[in-house]
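Student: Here is my input, please return the structure:
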Amino acid sequence: GNVRMVYTIPVHHNPTGYTMGNAKRQRLVELARKYDFMVVADEAYQLLNFGPPEVTALHFHDSAEDPRVVSVGTFSKLIGPGVKVGWLQAHPRLL
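Tutor: Now for the predicted structure:
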């Protein structure tokens, strides 16, 4: 196919507030592997919960042998827009 990358906001999506469940996360990773595309997960809100998190970061559903997911995090949405600290989570082969 022509799809090379999928960008998603799997946690507390703005404006819907939707959070993708673990089963859908696993399915997205399976599709990425099957159709040979990458997934960029904007997980700026992954740490923002009122209770224990019900889902794991998308890259934890990925395979080290054939990695497809890069999870992107930041403190700027949690602490304040002036705090420009971010990070990537992925299997070492992608970093």
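Student: does Ala64 really touch Leu94, like I thought?
Tutor: No. Between Ala64 and Leu94 no contact is recorded; they are 10.0 Å apart, counting by Cβ atoms under 8 Å. (Glycine included, C-beta is placed from N, CA and C.)
Student: Between the two, tell me which one has more neighbours.
Tutor: For Ala64 and Leu94, the more surrounded residue by other Cβ atoms under 10 Å is Leu94, and the numbers stand at 15 against 9.
Student: can you give me phi and psi for the more buried one?
Tutor: Dihedral pair for Leu94: phi -90, psi -20, per degrees, to the nearest 10.
Student: Excluding residues flanking it in the chain, which one is nearest it?
Tutor: Closest residue to Leu94 apart from its sequence neighbours, by Cβ to Cβ, 6 or more residues apart in numbering: Pro67 at 4.9 Å.
Student: Run through the residues that contact the one you found.
Tutor: By Cβ atoms under 8 Å, 6 or more residues apart in numbering, Pro67 lies in contact with 59, 90-91, 93-94.
Student: Tell me the helix or strand right after the helix or strand containing Val72.
Tutor: Following DSSP states H and E, one finds Val72 within strand 69-74. Where DSSP H and E defines the elements, the next helix or strand beyond strand 69-74 is strand 86-89.
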